[in-house]
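Colleague: show me the folded form of this:
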Amino acid sequence: MTITATRHDRRMYAIMNRRDMQALGRTAARRRAWVAAHIGLTAASVALWLGSVHLGPLWMPFALLALVLPWCVAMGAINGATRGLLELRGHMLDERQLHERDRVRAIAHRITLGLLFAGAAGTGLAAWLGGVRYDGGVLFPVLFALLVTHWMLPAWVACLRVQDDAPDQVLETVHGD
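Modeller: Alright, predicted model coming up:
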């Protein structure tokens with residue numbers, strides 16, 4: 001069965017592989033900075049959303065709206081650095097990219113598993129040894145934060161795993177050769 005690329009597939013591939021945007025994530029330091037910024041923006045967005053739902057101050061939704069554009073820019077830089085590894089459909093990726101996508105998802109899954117285990121062990125020990133009792137009001141925010149972490153972690157891991165371009169590739173891109 002042959003799968004052909006649709007117009008949407010070709011457009012997404014072109015967006016994810018724009019040469020002029022690759023400078024944003026060319027070095028490991030830049031990619032780490034984008035991931036750190038995106039983690040911070042995601043955490044702030046989750047906190048503001050949960051605060052607006054549970055606490056209700058009027059300013060929180062407006063602060064959340066102010067974070068949307070920087071969050072999207074950081075996500076775009078991450079997707080550009082990974083060249084759409086997690087955003088493109090499987091038939092648009094070569095074997096190496098498919099293998100890397102599977103590897104990234106496995107690593108992110110293990111990290112999420114570790115976070116869930118640490119959270120369960122920590123709350124269990126606190127309840128067992130410290131006599132701490134939890135009310136239901138904490139459950140939803142913690143589960144929501146874990147959901148968002150599970151959702152975003154593959155993109156963060158993929159961006160951190162990208163290898164720097166070889167020096168001759170950088171010169172080609174800069175000089176247009």
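Colleague: low-scoring stretches of the protein, by residue?
Modeller: 1-4, 165-177 (pLDDT under 70).
Colleague: looking at it, which residue lies furthest from center?
Modeller: Within the chain, the residue lying farthest from the chain centre (CA atoms, centre = their mean) is Gly131, at 36.3 Å.
Colleague: element containing Leu146?
Modeller: helix 139-161 (DSSP states H and E).
Colleague: mind checking how far that helix is from the chain centre?
Modeller: Once both centres are worked out by CA atoms, centre = their mean, to the nearest Å, helix 139-161 turns out to sit 7 Å from its chain's centre.
Colleague: ok, now stretch 86-101?
Modeller: 17 Å.
Colleague: please apply the same query to stretch 138-151.
Modeller: Worked out by CA atoms, centre = their mean, stretch 138-151 lies 15 Å from the chain centre.
Colleague: list the buried residues of it.
Modeller: Buried residues in stretch 138-151, counted by 16 or more other CB atoms under 10 Å: 141, 145, 149-150. No exception for glycine: its C-beta is placed from N, CA and C like everyone else's.
Colleague: could you export it as CSV, CA atoms only?
Modeller: Extracted C-alpha coordinates of stretch 138-151, given in CSV (Å, rounded to 0.1, in the frame of the first residue of the first chain):
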residue,chain,number,x,y,z
VAL,A,138,-5.2,18.6,45.7
LEU,A,139,-5.9,15.6,43.5
PHE,A,140,-7.2,17.5,40.4
PRO,A,141,-4.3,20.0,40.2
VAL,A,142,-1.7,17.3,40.6
LEU,A,143,-3.3,15.0,38.0
PHE,A,144,-3.7,17.9,35.6
ALA,A,145,-0.1,18.9,36.0
LEU,A,146,1.0,15.3,35.4
LEU,A,147,-1.2,15.2,32.3
VAL,A,148,0.4,18.3,30.8
THR,A,149,3.8,17.0,31.7
HIS,A,150,3.0,13.7,30.0
TRP,A,151,1.8,15.6,26.9
